[in-house]
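Enquirer: One predicted model, sequence on top.
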Amino acid sequence: MGDLAIWLRVGGKINESLNYVGGDYEMLLLKKDVTYSGLRKMIAKLLNVDESVRKMELNFETGVPFKPLYGVTDDRTLELYMHHARQESTKYFLLVTVGEESVRHGKVSEKAKTEEQNLSDSYIPGLDSINEVPNVGTSSNVAEDHGFPELFANSYVNEMPMEMPSPGRSLFVSPTLIPSFVDVVRNASEGNEQGTAAEDVRTTPVEPYQNVPPIPISVVEANVEGSGCGDQTCVEEGIYGEGGILGDIEEHRIFRSKKELMTCVSITAMTEKFQYKVFKSKPSFAVVRCIHTSCSWRVRAKKLVESEYWMVTKYEKNHTCPTDFKPVRRRQATSWVVGECVKRKLINPGRVYRPRDVMDDMKRKFGVDISYSVAWRGRECAYDNLRLGTPEQSYKLLPGYLHMLMDTNPGSVVNLEVSNGNRFQYLFIAFAASIHGFSYCRPVISIDATHLKGKYRGVLFTAVCHDANQQIFPLAFGVGDSENDASWSWFLHRVKSVFGSNPALVIVSDRHRSINNAVQEVFPQAFHGICMYHLLNNLKTKFRNKTKELEQHYIRTAKTYNLQDFHVLFYTLSSAVLGVKEYLEAVGLHRWTRSHAPSRRYNIMTTNISESLNAVLVKVRELPITALVNEIRLLCQKWFHERRTKAAGCTTMMSKDVEMKLEGRKDRAQAMGIICADQYTFDVVDGDRNYCVDMALWTCTCRKFQLDQLPCDHVLAVVRKTPYEAYDLCSLYYTREFWHETYRGVINPIPHISSWTTPQQISEFELQPPDVRTVAGRRRKRRLPSMGEELPTPKCSRCKERGHNRATCQNPIALHPTDEAGCSGSNLPTHQPIHPSDQHSTPQL
């Protein structure tokens with residue numbers, strides 16, 4: 001979005017009815033990246049106000065029935081105001097209130113007096129609808145009017161279309177969405193702006209969601225390592241509120257809820273080193289006083305009519321208690337207040353932030369000693385806040401999030417299946433950008449599943465492939481209960497309906513029985529290869545005594561291109577390890593070897609791309625369902641942007657990785673000799689072996705040229721002495737054009753939850769968590785290693801030894817480390833060894 005022109009009302013004041021009266025009108029042009037502090041400076045310069053001496057408040061009218069004023073106090077609220085102002089700038093004036101002495105020369109104050117006296121006689125066109133109550137209509141058949149299908153309570157696998165979706169087409173076949181927790185302010189403003197159009201699609205006015213922060217930042221964006229607080233400002237940067245600062249307590253300030261009000265009071269008490277007590281607390285008002293009986297500090301607030309908002313009506317901020325009065329315990333440091341103080345440091349799911357670090361940060365910032373249990377519960381409260389609520393609330397938010405995902409990313413395919421009782425069963429997501437990009441990738445799909453670590457467990461299904469630059473290209477994601485025949489069949493049916501079934505399609509996976517059954521059912525024409533690394537682990541388990549010989553010969557046998565070389569290597573492997581030949585033949589030579597594969601596997605012999613994606617999402621898999629899906633979207637959004645930029649800056653014919661590979665092969669080709677048979681056939685001498693290259697059929701007897709669709713060393717040796725061009729012999733899947741076209745699609749962001757707009761049918765549906773039995777105790781986060789799997793041991797960065805890390809290192813460190821010869825690296829003099837007879841002699845003083 002570009003710049004924004006806004007109207008200001010200045011010089012007036014707020015009366016007891018929360019209306020802004022009097023003042024003059026000014027106009028201001030805001031840049032799209034304007035900050036709250038920058039806006040205040042612009043207004044101060046416009047009005048000739050000295051902010052250091054005078055006080056200035058910014059508000060805007062929301063237009064709701066009770067006519068509250070919404071304060072602009074930080075960057076978040078400024079963004080909210082700009083969102084409303086872009087819709088109708090003549091309706092949402094920015095109300096500037098300046099103190100009695102705040103304007104130099106008294107210019108605005110005189111205007112304010114004049115305008116207040118003549119307010120009843122003034123009329124400004126276009127302003128008579130500012131305080132109108134919105135008239136939001138209802139619709140009895142919203143789903144039929146807008147093409148939404150019937151609400152399914154059970155499975156609807158057979159309802160899925162099997163063709164490729166057209167751009168903008170929604171395959172969200174189950175509109176199982178929860179209430180969109182949209183601000184009352186936004187509901188009223190949209191109803192007032194849309195007029196009669198609001199009768200078609202109604203956004204249900206519901207209570208504002210009190211503790212929902214902005215969508216968290218991606219784990220990939222902020223790669224924070226280690227634990228604890230990295231600097232002194234990390235607590236200050238995110239000490240209050242949702243993505244910003246709650247700010248100070250001020251009279252006439254409005255809070256979204258009573259809990260937000262009390263949070264601000266508690267943090268103020270901790271910052272100013274005093275305690276408070278709740279003098280009165282009722283559903284409609286509350287009074288808070290300093291714990292000292294003679295102190296005048298107090299806060300009085302009341303609940304606004306017909307809303308959940310609270311406004312501070314009176315605030316005495318000066319303390320009159322004795323200076324030597326020091327409470328022993330800080331009662332206001334409760335777990336939910338501690339969570340508000342530290343939640344900004346937990347935005348990154350990969351951040352290691354222990355309860356001990358919470359205790360240290362609270363002590364350093366506020367001087368408050370909290371127990372370990374309070375720190376742990378505070379961190380859990382922060383997690384629930386950042387992760388869009390508890391796991392149960394996250395399931396209720398999921399359908400609304402999926403609706404917004406399809407709304408912001410037209411063409412994306414989202415399938416949500418529920419069981420009896422509206423309980424979550426399966427989820428499938430394929431972004432429109434991934435659907436478009438797969439046509440420009442090699443038709444080799446790697447599929448895998450990994451366990452989720454949240455309260456309701458489950459598994460995350462992934463389908464990925466390689467792009468032209470040999471990088472991971474995500475295709476689809478799914479969530480199910482476990483790895484079984486039904487869940488894998490459901491996921492692969494969705495993959496087939498979106499990406500189709502190419503005759504040359506190759507699917508690579510591990511040897512899970514359910515995957516094998518599902519692939520045979522859904523993709524009977526596709527070649528199903530298995531990961532050679534997973535098969536190697538199975539061999540290590542079965543033949544434990546011959547691990548070294550097995551691994552050395554097996555990898556060479558699986559990767560070889562030539563059939564003659566395979567027979568030699570396979571014979572060597574069979575001779576080294578007895579019984580391995582029968583085992584591998586029973587598995588199927590065509591499934592784990594490159595030379596026997598009936599379809600091109602290119603260079604994809606393992607599921608490493610799937611395992612790598614699982615490793616990237618290792619911390620994300622601990623999140624609740626909605627936060628999990630959002631983190632996956634953020635990761636894909638980041639990858640698409642970075643790689644689209646990288647591909648656009650590529651100046652070579654092929655992708656960067658392929659160019660480097662071709663350069664290495666060209667260097668090796670220079671040492672080869674060529675003997676021409678005719679204009680198409682060549683004999684290439686590579687050391688003690690000869691290879692035949694046929695340029696008419698695009699073949700080489702090494703078979704690397706045919707299987708990888710890239711010129712091998714022998715073909716490049718021919719190209720070096722013939723008119724052929726190396727780039728003409730490469731597959732289009734490796735070209736710069738295909739690389740750029742793969743990432744041409746854009747994965748758009750999803751707005752904050754307060755801006756979600758969902759149909760009534762979606763809003764009234766409540767998705768329930770899956771019916772699983774939660775196991776007591778701490779949930780396992782580290783997977784059990786497979787038999788034969790060798791896990792890497794950690795290496796200490798302090799003493800360079802393995803088996804522990806720097807945090808647990810207890811080894812002494814030498815002041816002058818020596819090299820292997822025992823000589824110091826410095827220019828210190830060399831000492832002679834002590835004679836044995838002198839070892840016990842008494843030194844002379």
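Expert: Done, it's in.

Enquirer: In which helix or strand does residue 300 reside?
Expert: Per DSSP states H and E, residue 300 falls inside strand 298-303.

Enquirer: Residue 70: helix or strand, and which one exactly?
Expert: Secondary structure assignment for residue 70, by DSSP H and E: strand 69-71.

Enquirer: Likewise for residue 28?
Expert: With DSSP H and E as the test, residue 28 turns up in strand 24-30.

Enquirer: Run through the neighbouring helices and strands of that strand.
Expert: Strand 24-30 sits against strand 4-10, helix 36-47, helix 107-117, with contacts defined as 3 or more C-beta pairs under 8 Å, 6 or more residues apart in numbering; DSSP states H and E. C-beta here means a position set from N, CA and C on the backbone, and glycine is covered the same way.

Enquirer: Just give the strands next to the shortest one in its sheet, each with its orientation.
Expert: Sheet pairing of strand 4-10 (DSSP bridges) gives strand 24-30 (antiparallel), strand 94-98 (parallel).

Enquirer: if we look at the last one, which residues are touching it?
Expert: For strand 94-98, the external contacting residues (C-beta atoms under 8 Å, 6 or more residues apart in numbering) are 6-14, 20, 23, 28, 43, 47, 49, 54-61, 69, 72, 81, 85, 108-109.

Enquirer: Now do that strand, average pLDDT.
Expert: Mean pLDDT, computed over strand 94-98, is 81.

Enquirer: between that strand and helix 36-47, how many degrees?
Expert: Angle, strand 94-98 to helix 36-47, by axes from the mean of the first three to the mean of the last three C-alpha atoms, to 10 degrees: 70 degrees.

Enquirer: Helix or strand next in line after the strand holding residue 70, which one?
Expert: Remark: after strand 69-71, the chain's next helix or strand is helix 75-87, criterion DSSP H and E.

Enquirer: what about residue 611, how many neighbours?
Expert: Residue 611 has 18 neighbouring residues, counting by other C-beta atoms under 10 Å.

Enquirer: Okay, the spatially closest residue to it that is not a sequence neighbour and residue 609: tell me how far apart.
Expert: The spatially closest residue to residue 611, leaving aside those adjacent along the chain, is residue 448, at 6.9 Å (C-beta to C-beta, 6 or more residues apart in numbering). Distance, residue 448 to residue 609, by C-beta to C-beta, to the nearest Å: 9 Å.

Enquirer: and what of residue 466?
Expert: Separation of residue 466 from residue 609 (C-beta to C-beta): 7 Å.

Enquirer: and for those two, which residues touch both?
Expert: Common contact partners of residue 466 and residue 609 (C-beta under 8 Å, 6+ apart): residue 472.

Enquirer: quick one, which of these two is more surrounded?
Expert: Ranked by neighbour count (other C-beta under 10 Å), residue 466 and residue 609 place residue 609 first, with 23 against 20.

Enquirer: Who is the closest residue in space to residue 299 that isn't next to it in sequence paired with across the strands?
Expert: Once flanking residues are discounted, residue 299 sits nearest to residue 288: 4.6 Å by C-beta to C-beta, 6+ apart. Note on residue 288: beta-bridge partners by DSSP bridges are residue 278, residue 299.

Enquirer: Which element, helix or strand, includes the residue sitting nearest the centre point of the chain?
Expert: Closest to where the C-alpha atoms of the chain average out (C-alpha atoms, centre = their mean) is residue 631, at 2.5 Å. If you go by DSSP H and E, residue 631 is part of helix 625-648.

Enquirer: by how many degrees do the helix or strand following that helix and helix 625-648 diverge?
Expert: For helix 625-648, the following helix or strand on the C-terminal side (DSSP H and E) is helix 656-669. Put simply, helix 656-669 runs at 50 degrees to helix 625-648, going by the same axes, to 10 degrees.

Enquirer: and the strand holding residue 28, which residues are buried?
Expert: Neighbour-count burial for strand 24-30, counted by 16 or more other C-beta atoms under 10 Å, picks out 24, 26, 28, 30.

Enquirer: same question, stretch 252-260
Expert: So stretch 252-260, judged by 16+ other C-beta under 10 Å, has buried residues 252, 253, 254, 255, 256, 257, 258, 260.

Enquirer: can you tell me which residues contact residue 482?
Expert: Residue 482 makes contact with 458, 459, according to C-beta under 8 Å, 6+ apart.

Enquirer: if I pick residue 768, what's in contact with it?
Expert: Neighbours of residue 768 in contact, by C-beta under 8 Å, 6+ apart: 395, 421, 422, 423, 424.

Enquirer: how about 6 Å then?
Expert: Counting by C-beta atoms under 6 Å, 6 or more residues apart in numbering, residue 768 makes contact with 422, 423.

Enquirer: related to what we said a few turns ago, so what's the model's average confidence on the strand holding residue 28?
Expert: 78.

Enquirer: Confirm for me that residue 336 is in contact with residue 383.
Expert: No. Residue 336 is beyond contact range of residue 383, at 12.0 Å (criterion: C-beta atoms under 6 Å).

Enquirer: Quick one: neighbours of the nearest residue to residue 266 once chain neighbours are set aside, just the number.
Expert: Among residues not flanking residue 266 along the chain, residue 332 sits closest, at 4.0 Å (C-beta to C-beta, 6+ apart). By other C-beta under 10 Å, 21 other residues sit near residue 332.

Enquirer: Does residue 11 touch residue 23 like I think?
Expert: Yes. Under the criterion of C-beta under 6 Å, residue 11 makes contact with residue 23 at 4.1 Å.

Enquirer: Point me to the helix or strand that includes the residue nearest to residue 266.
Expert: Going by DSSP H and E, residue 332 is not in any helix or strand.

Enquirer: ok, now how distant is it from residue 345?
Expert: 20 Å.

Enquirer: Confirm that residue 549 sits in a helix.
Expert: Yes. Looking at residue 549 with DSSP: H, G, I helix; E, B strand; the rest coil, it is inside a helix.

Enquirer: can you pull up the bridge partners for residue 314?
Expert: Residues in a beta bridge with residue 314, per DSSP bridges, are residue 300.

Enquirer: about what we covered before: tell me how far the helix holding residue 631 lies from the chain's centre.
Expert: Here helix 625-648 is found 8 Å from its chain centre; the criterion is C-alpha atoms, centre = their mean, to the nearest Å.

Enquirer: Check which helices and strands it sits against.
Expert: helix 391-408 (3 or more C-beta pairs under 6 Å, 6 or more residues apart in numbering; DSSP states H and E).

Enquirer: residues of the helix it packs on that come out buried?
Expert: Within helix 391-408, the residues that count as buried by 16+ other C-beta under 10 Å are 391, 393-407.

Enquirer: likewise stretch 366-378?
Expert: Those would be 366, 368, 370, 374, 375, 376, 377, 378, for stretch 366-378 by 16+ other C-beta under 10 Å.

Enquirer: mind checking pLDDT for the closest residue to residue 14 other than its chain neighbours?
Expert: Leaving aside its sequence neighbours, residue 14 sits nearest to residue 20 (C-beta to C-beta, 6+ apart; 5.6 Å). Residue 20 is assigned 72 on the pLDDT scale.

Enquirer: okay but residue 20 is in contact with residue 10, surely?
Expert: No. With contact defined as C-beta under 6 Å, residue 20 does not count as touching residue 10 (10.2 Å).

Enquirer: Settle it for me: which of these two has more neighbours?
Expert: Looking at residue 20 and residue 10 with other C-beta under 10 Å, you find the greater number of neighbours at residue 10, namely 24 against 20.
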